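Enquirer: Sequence and predicted structure are below.
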Amino acid sequence: MAEISLIRKRLRSEIDAARKSAAERRQRTAAADKAYEFFLIGVAVPVFRQIANALRSENLQFEVQTPSNGVRLTSDRNRDGIEIELDATVDPPVPMIVTTYAKGSRVVRNERPIKPDATIESITEDDVIERVMEEIRPWLG
């Protein structure tokens, strides 16, 4: 049978490691939140506005909404749309493009990273445009 003192020592070591890991994750999440805020203001919102203007020039009515911690491009005809949100459930947090559209009586929601395996700071306007163009295809036909 194992000694209780060894078990307690091992348990304290695991508790310390878990606390350190949680503190490091909180720091990474805080840094990602700040980078995501700059990404929204500097990249995502301007790109979504440019795309909405281009769509309007083609007689496709879309508008840009900026809910807290995200940006959304929605169709004027229905509640369908494309949005960017931060997925903080993964480590490190990742900006996701989320597409929601009605298909018959059901609502379909697709989520994928804007640029897999990239840091938030490295995502460019071109990356956002590319992903939005892939996702907007169902509304163009």
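Expert: Perfect, I can see it now. Residues are numbered from 1 along each chain as shown.

Enquirer: Following element in sequence after the biggest helix by length in the chain, please.
Expert: In the chain, taking DSSP state H as the definition, the longest helix is helix 4-39. Moving toward the C-terminus from helix 4-39, the next helix or strand (DSSP states H and E) is helix 45-57.

Enquirer: angle of that next one against helix 4-39?
Expert: Counting by axes from the mean of the first three to the mean of the last three CA atoms, to 10 degrees, helix 45-57 lies at 50 degrees to helix 4-39.

Enquirer: Now do helix 45-57: which elements does it pack against?
Expert: strand 62-65, strand 70-75, helix 125-140 (3 or more CB pairs under 8 Å, 6 or more residues apart in numbering; DSSP states H and E). C-beta here means a position set from N, CA and C on the backbone, and glycine is covered the same way.

Enquirer: and the first one, what does it pack onto?
Expert: Contact here means 3+ CB pairs under 8 Å, 6+ apart; on that basis strand 62-65 packs against helix 45-57, strand 70-75.

Enquirer: Understood, closing this out.
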